[in-house]
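Q: Okay, predicted coordinates and the sequence, questions at the end:
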Amino acid sequence: MSPTSPAPLELHNVTCVFGDGPRRVVALEDVSLTLEPGELVAVMGPSGSGKSTLLNVAGLLQSPTSGRVLIDGVDAADLSPARAALLRRTRIGLVFQHYNLVPALTVGENVSLPLELDGRNPAETREAARIALQEVGLEGLDDRFPEEISGGQAQRAAIARALIGERRVLLADEPTGALDTTTGDAVLRILRERVDEGAAGMIVTHEPRFAGWADRVIVVRDGRLVDDGGELS
């Protein structure tokens, strides 16, 4: 990657406010953050501190009240809703604590869904899903439905969906929250490997042991980035 290439993810002076008057809540206040290729950042802080809002803004699921969010140098504020959705679908992989798999679709169909929404060839999407499932240790489960697999397998399927295609940014909100320690380690290992291949990653976690997989830990409190611990030793 050349020195002049933009970072995969940049947040500049991002503020996010919900409601008004006595119900006004400042979820994020003047947050600036850059994620470089090959970097995994853990976000920690008390419940209600703004961690999930930070992830949603970074993933273009929530527009900031002010500030800028850039993906590969592209300012999301300059895009139409349709173009922003396309950028999110093709460049950002999102992993949620409760998987968010579509119950009526097979595991393979869930994983290939982002590519299908882009109008890719069905044979191409099936093959890409097969490879993505193989990468997360779910080879042969393409035709199962979400209710037919374990929670750990469902979370790995959700990661496969997040990894499919040319995803430059991986965002995970408490991806190990509902998993046992062994399965949680397996999930973090998958994310770590993809980041090591050149993606930029951010995980929200309450667990210091899972934050240990990250290159850098940031702390959010009352909507503000109060500490950036730098590299973990």
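A: Nice, I can see it. Numbering: from 1, shown residues only.
Q: can I get the CA coordinates of stretch 69-83 in CSV?
A: Included here for stretch 69-83 are C-alpha records, laid out as CSV according to Å, rounded to 0.1, in the frame of the first residue of the first chain:
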residue,chain,number,x,y,z
VAL,A,69,-16.8,9.5,8.3
LEU,A,70,-14.5,8.4,5.5
ILE,A,71,-14.2,4.8,4.1
ASP,A,72,-11.1,4.5,1.9
GLY,A,73,-11.0,8.2,1.6
VAL,A,74,-14.7,8.5,0.5
ASP,A,75,-16.7,10.9,2.7
ALA,A,76,-20.1,9.2,3.3
ALA,A,77,-21.8,12.6,3.7
ASP,A,78,-21.1,13.2,0.0
LEU,A,79,-23.1,10.1,-1.0
SER,A,80,-26.7,9.5,-1.7
PRO,A,81,-28.4,7.0,0.6
ALA,A,82,-28.2,4.4,-2.2
ARG,A,83,-24.5,5.0,-2.8
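Q: how much distance is there from that stretch to the middle of the chain?
A: When distances are taken as C-alpha atoms, centre = their mean, to the nearest Å, stretch 69-83 is centred 17 Å away from the chain's centroid.
Q: Contacts made by it with the rest, please.
A: 5-12, 14, 57-58, 60, 63, 68, 84, 87, 91-92, 168-169 (C-beta atoms under 8 Å, 6 or more residues apart in numbering). For every residue, glycine as well, the C-beta is placed using N, CA and C.
Q: now with 10 Å?
A: 4-12, 14, 33-34, 57-60, 62-64, 66-68, 84-88, 90-92, 168-169, 200 (C-beta atoms under 10 Å, 6 or more residues apart in numbering).
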